Each structure stands twice: as C-alpha cells, then as structure tokens.
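> Give me the fold of what follows.
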Amino acid sequence: MGDLVGLTIDDQVAVLTLNRPPANAIDLALGQELQAAINDAGGRPDVGAIVLTGGPKIFAAGADIKAMATWGPEEVRPSVDALGGACDLLESIDTISIAAINGFALGGGLELALGCDLRYAAADAKLGQPEIGLGVIPGAGGTQRLVRLLGPGRTRELVYSGRTVDAQEALRIGLVERVVPPEEVLSTAVEDARRYANGPRVALAAAKAAIAAAITSPGAPGLQAEREAFLALFGTPDQREGMAAFLEKRQPRFGA
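Here you go, the predicted structure:
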C-alpha cells in the first residue's frame, strides 16, 4: 500500500483513513489503495471490524473532476472500476464495516460510505450524489445501493436533483444509522466496531450474508439462505459459548 490510505489496528479494529488532501478526491490510485487496504484488513485474523474515515474535516468530496473533465469512457473506466471494486469489497467481505463521516460525503465519497454496513455521521455532515449537475450519474454503485436503503422514490429525488442532505435528514430517511457530535464520530464508530470485533464473528458474518441474500435474492431463495446459515452455526464454538453463557447467566466470552 502507498500513502493515500492509512491503516491502523488497535484491539481488533482496523481504521482505514483516506489521505488525499485537500478533499480526498477519489482517483485511480486512491481506489486501488482502498482495495488493497480492505483486502488486507478483511483477511487478517487480528481484525474483527473495520472503520472507514476521511479525517476530522472531510470524508470524501467525490471523484477528481479536474482530472477526468476531458476524458472519454475508456479513460474513466479504470478509476470508476477501482472505486466500485472497493465498494463491492466492503460489501462482500465477512468483516463488519462502519463509515465514520465528517464533513462532506459526496459523489464517490457517498458511494464508498454506502458500501459499508453502517454509516455514522457528524451532526454537521453533508451527503449527496451531485453527479447530475456535472452531466453524469453515480457510477460506483450509488443508484443501486441507494434504492436498497431508501427505495426508488427517494433515490430518484436525490439523484435527479443532485441535492445534498444534512445529517438529520440523512438519519430520518435511513441514509445513516447514527448522528453524533463531530468530535465523537470516529471514537463512536470505533467503540461500536470493537463490540462487533469482540462478538461472535462467525454469526455476524452469517448475519451479513443473510441480509445480503434478502437484497439480492428476495423471497424463497433469501429465506432458504437464512435457514441454512442459521443451521450451520450450530456446533460452532461461539454458538456453544453463547448458549452456555445464557444458561449460566454470565456474559459470553466469544473467541476465547
């Protein structure tokens, strides 16, 4: 990995920090480093959860428009493939991920946050998909993931208008899960991530996969995927420990 994505690990939580000042504009190099960092963190036994942040003032203000303004389709493809690949990785790895959003999460920045399992926003954060004002649309999963979260009507309104929403509206419509003071966004995300990291990781991964099945294979296939995942957890160490702790009226010690 290079210098565009910081990776720190503390007590089973990996914090990935975007580092392309001044706005963390996402280009090919940043997208590629993100993929490498997500793969690294997601494959480590000492990492049980991931927090993705852009720092105290900004998450990511979208793509590098200055670079791509005169590009054609094939010139822009590698950059959008890199960002889209990073978003897809966040969804596909077993590890639970939380986006800690300070400042602006716009365009590709919001798409990156949408790839995470959960989104925590600072009270003064601004989020949106403003691509329509540039004569384009989201290209790294924004339309698809917004529909899953918000439904088609709200997605159309946000994408067609290109407007930004503040943190309270984002919470109200389900775009983020928590709103906290700006100085507490990262620490809150890390604290919650640590709880997941110290939880039953196999069961959490199964829950993540079952919820994904509800999105990609709704109805009978999703129900069957959930049933099989539930059954497969019986006999695992965490299932034995969790149920023993319940019967013994004590806190479970997962992963011990």
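
> From the contact counts, what lies against the lowest-mean-pLDDT helix or strand in the chain?
Sorting the helices and strands of the chain by mean pLDDT, DSSP states H and E puts helix 65-68 at the bottom, at a mean of 84. Counting contacts by 3 or more C-beta pairs under 8 Å, 6 or more residues apart in numbering; DSSP states H and E, helix 65-68 packs against helix 73-92. Just so you know, the C-beta spots here come from the backbone N, C-alpha and C atoms, and that holds for glycine as well.

> Next, the angle helix 73-92 makes with the following helix or strand past the helix it packs on.
For helix 73-92, the succeeding helix or strand toward the C-terminus, using DSSP states H and E, is strand 96-101. Calculated by axes from the mean of the first three to the mean of the last three C-alpha atoms, to 10 degrees, strand 96-101 forms an angle of 120 degrees with helix 73-92.

> what distance separates the least confident helix or strand of the chain from the centre of its chain?
Chain-centre distance of helix 65-68: 25 Å, with C-alpha atoms, centre = their mean, to the nearest Å.

> Go ahead and produce PDB holding the CA coordinates of it.
Extracted in PDB, the C-alpha atoms of helix 65-68 (Å, rounded to 0.1, in the frame of the first residue of the first chain):
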ATOM      1  CA  ILE A  65     -13.300  16.100 -11.600                       C
ATOM      2  CA  LYS A  66     -10.300  18.200 -12.700                       C
ATOM      3  CA  ALA A  67      -8.500  15.100 -13.900                       C
ATOM      4  CA  MET A  68     -11.500  13.500 -15.700                       C
END
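
> and for that helix, what are the contacting residues?
Contacts to helix 65-68, defined as C-beta atoms under 8 Å, 6 or more residues apart in numbering, come from residues 25, 27, 75-76, 79, 134.

> Tell me where the model's unsure across the protein.
1, 256 (pLDDT under 70).

> For residue 250, give its distance to residue 241.
The gap separating residue 250 from residue 241 is 10 Å, by C-beta to C-beta, to the nearest Å.

> neighbour count winner among the two?
residue 241 (16 against 9; other C-beta atoms under 10 Å).

> ok so the more buried one is a helix residue?
Yes - using DSSP: H, G, I helix; E, B strand; the rest coil, the assignment for residue 241 is a helix.

> Need the nearest residue in space to residue 127, chain neighbours excluded.
In this structure, residue 127 finds its nearest non-sequential neighbour in residue 105, 4.8 Å apart by C-beta to C-beta, 6 or more residues apart in numbering.

> who's in contact with the one you found?
Counted by C-beta under 8 Å, 6+ apart, residue 105 has contacts 54, 59-60, 99, 112-113, 121, 125-128.

> in the least confident helix or strand of the chain, what counts as buried?
residue 68 (16 or more other C-beta atoms under 10 Å).

> Alright, I will stop here.
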